[in-house]
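# I'll drop the sequence and a predicted model, then ask my questions.
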Amino acid sequence: MSTTLILVVGAIVVLTAVYVSWRAGRLDRLHIRLELARESLDAALVRRAAVCLELAASRILDPATSLVLAAAAHEARTAGPEEREHAESDLSRTLRAVLDQERFREKLAETAAGPELLEELDAAVAKVVYARRFYNNAVGVTRSAQRRWLARTLRLAGHTAYPDFFEIDDDPPSAMAAE
Amino acid sequence: MRVGIVCPYTWDVPGGVQAHIRDLAEALIEDGHQVEVIAPAADDAPLPSYVTPAGRAVPVPYNGSVARLAFGFLSANRVRRWIREGRFDVLHVHEPFVPSLGVLACWAAKGPIVATFHASYPRSRALSVSAPVLQSAVEKITGRIAVSDAARKTLVEHMGGDAVLIPNGVTVSRYAEAEPLPGWDDGEVIGFLGRMDEPRKGLPVLLEAFALLAPERPQLRLLIAGPGDADEVMEKVPARFRDRVGLLGMVSEEDKVRAYHSVDVFCAPNLGGESFGIVLTEAMSAGAAILASDIPAFRRVLDDGQAGALFETGDAASLAREAAALLDDPARRAKLSDEARTAVWKYDWSTVARDVVRVYETVASTGVVEEDDRP
């Protein structure tokens, strides 16, 4: 009688352990995906600021435009974690103000280095939009997995913090919008 | 980049997803990328050199219709081997909710995975039931693309999260040159292409405008291509003008291109609901002078009237007035045609493929695709 009981209890313990380790494994995979998405997003933001600085330093633009652009890009690069979303949104707005000027693209296209810089800027702006979408998707999935009862009770997330969405205004300049 | 594309539907059966993958793959190859596609197909099926067959697809009822899908151990093994030997920088899966090669690929791979969602449908029972099963495969997807707002909405409703919107492209060069259809190379011709029996396509507005114009313009004819009931259309045309209306019905791809080259004015009288207007971009590629209703989607594609004339949506008198003005002004038609040919490059596959490559680069910066050994 007692052997059956031991067997049943043993089976339950094993099954529970397998289930918990499976949930923990899934959470672990989600954390890795989140980390990679965060790296992509950081890379995309750094790249965008770098292209903006390059454009500002290229002597193609008038000095006032250069200054506005360089200042916004610099703010975005140096902002602390608290101000980062604000600074990046400001850079998006500055880019719109600069690129949506009358005949801006045509004038830039006439210069030697212009077309290549425009192409790089187009790509950098689009990649910020893409990377942020993908990152926020990863945040959403990870959050709901961390919030589950089992994950909370057994602290399956370990020391990983509850992730935050990255909310910025990343609307591209109208001349760049894909449609 | 080395790109592996996974097609869920049989390669040799025509379909929107297959055409999308073919055009994307060819645009990427043109751009210097190395592309491999895996698709359900028999081993002896004639395939382009970049397509690997994953075995014959079986017809199964799924989500309310019968689809030809590939699944089972044989397909799973072939997909796994293809991923292992492909050493891709990025894996691009299409329709990963469909129980076919897409799910198998997500299951067998890890690393940068991009998925494109094509279909849109209301909440489906099949998906609600299978969502937990798909979850672990779908959670591996790093970047999600939707081809339309409707597809994006479907995705959000079923799975949550968001996707970036990259619409279908048009292969401009395929429409650029063609002979007019026999018997349609003279006089004044207004053209229409689309389902005749779908009110939103706006054919009745065009027929009404035609009845207004026909008495004053003896040379004017109407060329209509698209599926629908011919008698129903003819009923709306006054009897004495019926011999000046040509109904082609459903046309082949080749005749469609010739139809665009047969018309003096191409009319898109849609009443709304069009998210993009693929017909319009095809007509622009052919260099047709376009007259379209001023719904927001068309206004955007036609650059606010630069690349095609606009009339008041649903207003036959406005359509007739604008059409008459265009027919009387060959110089303006030529200018609109030139503008259209230039403006449509934004929607060419080469441009669309560039956006897709940007998505690839965004996700591939963090590693390469590997075989997933975990069960």
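The structure has been received and is ready for your questions. Numbers count the residues shown, from 1 in each chain, chains lettered A, B, ... in the order given.
# okay, now the unreliable bits of the stretch 201-350 of chain B?
Along the stretch 201-350 of chain B, the model assigns pLDDT under 70 to residues B:273-277.
# for chain A, what's the nearest residue on it?
Ranking the residues of the stretch 201-350 of chain B by distance to chain A (C-beta to the nearest C-beta) places B:Arg300 first, at 6.7 Å. Quick note: C-beta positions are derived from backbone N, CA and C, even for glycine.
# burial measure for that residue, as a count.
B:Arg300: 13 surrounding residues under other C-beta atoms under 10 Å in any protein chain shown.
# confirm that it sits in a helix.
Yes. Under DSSP: H, G, I helix; E, B strand; the rest coil, B:Arg300 falls within a helix.
# what's the distance between it and B:Thr281?
Here the criterion is C-beta to C-beta, to the nearest Å. By it, B:Arg300 lies 11 Å from B:Thr281.
# same thing with B:Lys110?
37 Å.
# equivalent analysis for A:Arg143, please.
40 Å.
# can you list the low-confidence ranges for chain A?
Counting by pLDDT under 70, chain A shows low-confidence ranges at A:1, A:175-179.
# just to revisit the earlier point, who has more neighbours, A:Arg143 and B:Thr281?
Ranked by neighbour count (other C-beta under 10 Å), A:Arg143 and B:Thr281 place B:Thr281 first, with 23 against 15.
# you'd agree that one is in a helix?
Yes. Under three-state DSSP, B:Thr281 sits within a helix.
# got a list of what it touches?
With contacts defined as C-beta atoms under 8 Å, 6 or more residues apart in numbering or on different chains, B:Thr281 is in contact with B:170, B:301, B:344, B:347.
# in TSV: these, plus secondary structure, neighbour count and distance to B:Gly86.
Below are the contacts of B:Thr281 laid out as TSV (DSSP: H, G, I helix; E, B strand; the rest coil; neighbours: other C-beta atoms under 10 Å in any protein chain shown; distance: C-beta to C-beta, whole Å):
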residue	secondary structure	neighbour count	distance to B:Gly86
B:Val170	strand	24	29
B:Val301	helix	25	37
B:Val344	helix	24	34
B:Tyr347	helix	24	30
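# so which of these comes closest to A:Phe166?
Checking these against A:Phe166 with C-beta to C-beta, the nearest one is B:Tyr347 at 30.6 Å.
# with adjacent residues omitted, what lies nearest to that closest one?
B:Thr281 (4.6 Å; C-beta to C-beta, 6 or more residues apart in numbering or on different chains).
# and the residue in the stretch 101-250 of chain B that chain A sits nearest to, what does it touch?
Per C-beta to the nearest C-beta, B:Gly161 is where the stretch 101-250 of chain B lies closest to chain A, at 4.1 Å. With contact taken as C-beta under 8 Å, 6+ apart, B:Gly161 is in contact with A:136-137, A:140-141, B:144, B:155.
# ranges for the helices of chain A?
Ranges of helices within chain A are A:2-56, A:63-78, A:84-99, A:104-109, A:114-147, A:149-153, based on DSSP state H.
# with distance to chain B added, can I get those helices in JSON lines?
Listed next are those as JSON lines, based on distance: least, C-beta to the nearest C-beta, whole Å:
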{"stretch": "helix A:2-56", "distance to chain B": "4"}
{"stretch": "helix A:63-78", "distance to chain B": "18"}
{"stretch": "helix A:84-99", "distance to chain B": "16"}
{"stretch": "helix A:104-109", "distance to chain B": "13"}
{"stretch": "helix A:114-147", "distance to chain B": "4"}
{"stretch": "helix A:149-153", "distance to chain B": "15"}
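# and B:Leu193, which of these is closest to it?
Nearest of the helices of chain A (C-beta to C-beta): helix A:114-147, 32.1 Å.
# on that earlier part again, now the helices of chain A as a markdown table including distance to B:Gln34?
What follows is these, written out as a markdown table (distance: least, C-beta to C-beta, whole Å):
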| stretch | distance to B:Gln34 |
| --- | --- |
| helix A:2-56 | 22 |
| helix A:63-78 | 35 |
| helix A:84-99 | 34 |
| helix A:104-109 | 31 |
| helix A:114-147 | 20 |
| helix A:149-153 | 41 |
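# about what we covered before: check the gap between the residue of the stretch 101-250 of chain B closest to chain A and A:Asn137 for me.
On the measure of C-beta to C-beta, B:Gly161 and A:Asn137 end up 4 Å apart.
# which neighbours do the two share?
B:Arg144.
# around chain A, pick out the residues from chain B.
By C-beta under 8 Å from any C-beta of the partner chain, the part of chain B that sits against chain A consists of B:136, B:139-140, B:142-144, B:160-167, B:276, B:300, B:355, B:358-359, B:361-363, B:365-367, B:374.
# what about the residue lying closest to B:Gly226 once chain neighbours are set aside, how many residues nearby?
The shortest distance from B:Gly226 to any non-neighbouring residue, by C-beta to C-beta, 6+ apart, is to B:Gly194 (4.8 Å). With neighbours defined by other C-beta under 10 Å, the count for B:Gly194 comes to 19.
# the one 10 residues further on too?
For B:Pro204, the neighbour count with other C-beta under 10 Å is 16.
# quick one: it and B:Lys236 touch, right?
Yes. Judged on C-beta atoms under 8 Å, B:Pro204 makes contact with B:Lys236 at a distance of 6.2 Å.
# quick one, what contacts B:Arg80?
B:104, B:108, B:371.
# which stretch of helix or strand covers the nearest residue to the second one once chain neighbours are set aside?
What that stands for is B:Ala108. Once flanking residues are discounted, B:Ala108 sits nearest to B:Arg80: 4.3 Å by C-beta to C-beta, 6+ apart. Using DSSP states H and E, B:Arg80 sits in helix B:73-86.
# check which element follows that helix along the chain.
By DSSP H and E, the next helix or strand past helix B:73-86 is strand B:90-94.
# good, we can wrap up now.
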